[in-house]
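J.: Here is a sequence together with a model predicted from it:
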Amino acid sequence: MVAEAGIQATAALYRPGLEGVPATQSAVCDIDGQRGILSYRGYRVEDLASQSTFLETTYLLIWGELPDAEQLAAFEQEVQMHRRVSFRIRDMMKSFPSQGHPMDALQASAASLGLFYSRRALDNPEYIYGAVVRLIAKIPTMVAAFQLIRKGQDPIQPRDDLAYASNFLYMLTEREPDPLAARIFDACLILHAEHSLNASTFSARVTASTLTDPYAVVASAVGTLAGPLHGGANEDVLTMLEEIGSEDQVEPWLDRAIAEKRKIMGFGHREYKVKDPRAVILQKLAEQLFDAFGHDPLYDLARKLEAVAADRLGPKGIYPNVDFYSGLVYRKLGIPEDLFTPIFAIARTAGWLAHWKEQLGANRIFRPTQIYTGYAARELTPIEAR
Ligand code: ACO
């Protein structure tokens, strides 16, 4: 018998996916989904993407204020000093299957950092600073390392003369990147750094609330980001554009997809009912890259899809999200498709850590309730009598 009484008592409170339910208080990031405005600590993301760097934005997100020149130089230097990862972690990564997804490799590698660094100092600001530095520094190194390892090569060491974004692209491609490409990549990291209580950040906060170590916090968030309804969509957008194939196929393809009730990857957002402001900026960054390094015909197809979808899905408030144009940027930068989500994770580590720190500042363990829909008390029948 189903427990009807219990369901009715709490059903009014229940929102699938916690839509519209405040689950925390936070001063990190604000989204105005009706007007398409995103700000980190009060600063518009457009201003940060054009005037800040990823490391400066990371500092802002985590410590709440923009650093002065001395604080930023010290943070950059600390991050640079901690980019290398232990040979033990590299050796562990060499035993990962080369066909495994890089997000799974990243989740395992991020979790492994907890084996190396103590978890028992969550009230010590120096420990917090050190953990932030290590994670921000080492996550990109681990993403690049797995890319080389799965190709049968040894990972290459970070280069101290290169800034954060340039160094990552160098470790990935073994070539020093063009300064414009590196600057655009750094702006992409800023755009992906934080987005309030999305699924992976919620996951990070829940994990943080148990007072476990920050490496477990980031590892759990990486696992959550990997799904196709969240960070994994950026990879699927290119697959979708390739499947559509040509501009004249856009309309019939979209009509078919809508009729079959398929989700269009890179469209829709729980918060935004207009075009995601990050998609607007990413589109401009993509155009800058195409001007400098050559056009990508998939971009024309993407624009056509956006235009046709505006008629079909716009009335429901479904517009391109951050993932729609980011894949085209990464593709132009020569980054393999299955690294798009790990790159998202590199950036979002900043936001996860900002929420980790905020959670520790006013912690209460997450423990929501449920509406029980199972059986009422039942007699256990011995196995021989079933
Ligand atoms: N394509 C077509 N229809 C859509 C889409 C889409 N991409 N997104 C939402 N809808 C429709 C749904 O079918 C539903 O229609 P209905 O009311 O007629 O049944 C309605 O809009 C509401 O959709 P939900 O899935 O309930 O919206 P929710 O807020 O739960 O989901 C999500 C948001 C997961 C982002 C969704 O829009 C989606 O699946 N998008 C595609 C995947 C994607 O791009 N994810 C990346 C999001 S950004 C990020 O995480 C970084």
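T.: Cool, the structure landed. Numbering: from 1, shown residues only.
J.: Let me see the contact set for the residue nearest to Leu66 when sequence neighbours are not counted.
T.: Sequence neighbours aside, Leu60 is the residue nearest to Leu66 in space, at 5.2 Å (criterion: C-beta to C-beta, 6 or more residues apart in numbering). Every residue, glycine included, has its C-beta placed from N, CA and C. By C-beta atoms under 8 Å, 6 or more residues apart in numbering, Leu60 lies in contact with 40-41, 43, 48, 52, 66-67.
J.: Domain map for the protein?
T.: 68-189+200-226+337-361, 233-332 (automatic domain parsing).
J.: what's the first-to-last distance across the shortest one?
T.: By that I understand domain 233-332. Chord length of domain 233-332, first to last residue, is 18 Å (C-alpha to C-alpha, to the nearest Å).
J.: His232 and Gly20, how far apart?
T.: To be clear, residue 232 is Gly; His isn't right here. Going from Gly232 to Gly20 by C-beta to C-beta, to the nearest Å gives 24 Å.
J.: meant to ask about Ala216
T.: As judged by C-beta to C-beta, Ala216 and Gly20 stand 29 Å apart.
J.: try Ala309
T.: For Ala309, the distance to Gly20 - C-beta to C-beta - is 25 Å.
J.: neighbour-wise, which of the two wins?
T.: More crowded of Ala309 and Gly20, by other C-beta atoms under 10 Å: Ala309, with 22 against 7.
J.: Pretty sure the more buried one sits against Gly266.
T.: No - in this structure Ala309 lies outside contact range of Gly266 using C-beta atoms under 8 Å: 9.7 Å.
J.: what's the overlap in contacts for these two?
T.: Listed contacts common to Ala309 and Gly266 are Pro320; contacts here mean C-beta under 8 Å, 6+ apart.
J.: Leaving out sequence neighbours, find the closest residue to Gly317.
T.: Of all residues not flanking Gly317 in the chain, Lys273 sits nearest, at 3.6 Å (C-beta to C-beta, 6+ apart).
J.: which residues touch that neighbour?
T.: 33-34, 317, 319.
J.: of all those residues, which comes closest to the ligand?
T.: Gly317 (7.9 Å; C-beta to the nearest ligand atom).
J.: picking up where we left off before, out of the domains of the chain, which gets nearest to the ligand?
T.: When these are compared by C-beta to the nearest ligand atom, domain 233-332 sits nearest the ligand, at 2.3 Å.
J.: How about the closest one and the ligand, any contact?
T.: Yes - applying C-beta under 6 Å from any ligand atom, one finds domain 233-332 touching the ligand at 233, 263-270, 313, 316, 318, 321-323.
J.: Can you tell me which of those has the most neighbours?
T.: For the residues of domain 233-332 next to the ligand, neighbours were counted using other C-beta under 10 Å, and Asp323 has the most, 29 neighbours in all.
J.: host element of the residue nearest to Leu66?
T.: helix 54-63 (DSSP states H and E).
J.: Burial check on Ser209, number of neighbours?
T.: 18.
J.: Quick check, it in contact with Phe366.
T.: Yes - taking contacts as C-beta under 8 Å, Ser209 lies within contact range of Phe366: 4.8 Å.
J.: can I get the domains of the chain in TSV with mean pLDDT?
T.: Formatted as TSV, the domains of the chain follow (pLDDT from 0 to 100):
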stretch	mean pLDDT
domain 68-189+200-226+337-361	96
domain 233-332	95
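J.: for those domains, which one sits closest to Val28?
T.: domain 68-189+200-226+337-361 (4.8 Å; C-beta to C-beta).
J.: Can you show me the strands along this structure?
T.: 29-32, 37-40, 43-44 (DSSP state E).
J.: could these be laid out in JSON lines, adding mean pLDDT and distance to the ligand?
T.: Formatted as JSON lines, the strands of the chain follow (pLDDT from 0 to 100; distance: least, C-beta to the nearest ligand atom, whole Å):
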{"stretch": "strand 29-32", "mean pLDDT": "97", "distance to the ligand": "12"}
{"stretch": "strand 37-40", "mean pLDDT": "98", "distance to the ligand": "12"}
{"stretch": "strand 43-44", "mean pLDDT": "98", "distance to the ligand": "19"}
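J.: Most tightly packed of those strands?
T.: Among these, strand 37-40 has the highest mean neighbour count (mean count of other C-beta atoms under 10 Å), at a mean of 20.
J.: Could I have the CA atoms of that strand written out in CSV?
T.: Provided in CSV are the C-alpha atoms of strand 37-40 (Å, rounded to 0.1, in the frame of the first residue of the first chain):
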residue,chain,number,x,y,z
ILE,A,37,22.6,39.5,-17.0
LEU,A,38,25.3,37.6,-15.3
SER,A,39,27.6,39.1,-12.7
TYR,A,40,30.4,37.7,-10.4
